[in-house]
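Engineer: Turn this into a structure:
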Amino acid sequence: MTERKCILTGDRADPAMLIRLAVGPEGQILPDLRAKAPGRGAWIGVDRVALEAAIAKGKLKGALARAFKAGDLHVPDALPAMIEDGLRKALLDRLGLEARASMLLTGSEKIDVACRKGDVKLLLHASDAAADGNRKLDQALRVGQEAEGTDLAGITLPVDRDALSMAMGRDNVVHIAITDSRAAARLRGAIGRLESYLGCATEAPAHGEPASADAPGVG
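Structural biologist: As a prediction, this is how the structure comes out:
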């Protein structure tokens, strides 16, 4: 598996779970979340709190200077927020794409039926979903997966129902069931990146598959 090295920790990881930083036209450091920007790039694999600390202590600027072999780089104060906003948008965009491709279901009753049939590959809840509604659908999921008595459950997203509804072009999206394995893997990747960066990564339900994407931290 191709790996990249975090310039702050030295740890290597799948680039799908890291953040690529690139240099803008005026020497400013910008997030390149799709890893498509031309030229050299540097990779980081820390959460937002650690990144803010690295910026405050000058550690990020030093690591970037070594990675890019340049000293006239500008790290925007808003870089941590820019990364979070970008990762959140990437997740919402992915949900919108899967919705338009009919790869998922919304509506508690439809989801309950699909869960009990074992058709659901990934179950998601809005951050402001009611705990009782989550519990009922989680139980239906366990029934369909023949996993009663386990802690198998849906993922509570760091995104509320208003944002989900807007992204998917549907009314009042509180729960989402993904019924296609490949769509579940794609969403798992987007969710994992955002949760990891926010420092709230959760154990993914066992009924899904992780998404995947030689070099040091530059590339």
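Engineer: where in this structure is pLDDT low?
Structural biologist: Low-confidence segments of the chain, defined by pLDDT under 70, span residues 1, 201-219.
Engineer: for it, what spans make up the helices?
Structural biologist: 48-56, 59-68, 79-100, 108-117, 131-144, 161-168, 181-198 (DSSP state H).
Engineer: can you put those helices in JSON lines and add mean neighbour count and distance to G39?
Structural biologist: To be clear about C-beta, it is placed using only N, CA and C from the backbone, and glycine gets the same treatment. Below are the helices of the chain laid out as JSON lines (neighbours: other C-beta atoms under 10 Å; distance: least, C-beta to C-beta, whole Å):
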{"stretch": "helix 48-56", "mean neighbour count": "16", "distance to G39": "22"}
{"stretch": "helix 59-68", "mean neighbour count": "18", "distance to G39": "9"}
{"stretch": "helix 79-100", "mean neighbour count": "18", "distance to G39": "18"}
{"stretch": "helix 108-117", "mean neighbour count": "18", "distance to G39": "45"}
{"stretch": "helix 131-144", "mean neighbour count": "17", "distance to G39": "45"}
{"stretch": "helix 161-168", "mean neighbour count": "18", "distance to G39": "31"}
{"stretch": "helix 181-198", "mean neighbour count": "21", "distance to G39": "22"}
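Engineer: Make CSV out of those helices and add distance to R20.
Structural biologist: Written out in CSV, the entries for the helices of the chain read as follows (distance: least, C-beta to C-beta, whole Å):
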stretch, distance to R20
helix 48-56, 14
helix 59-68, 11
helix 79-100, 10
helix 108-117, 35
helix 131-144, 34
helix 161-168, 23
helix 181-198, 12
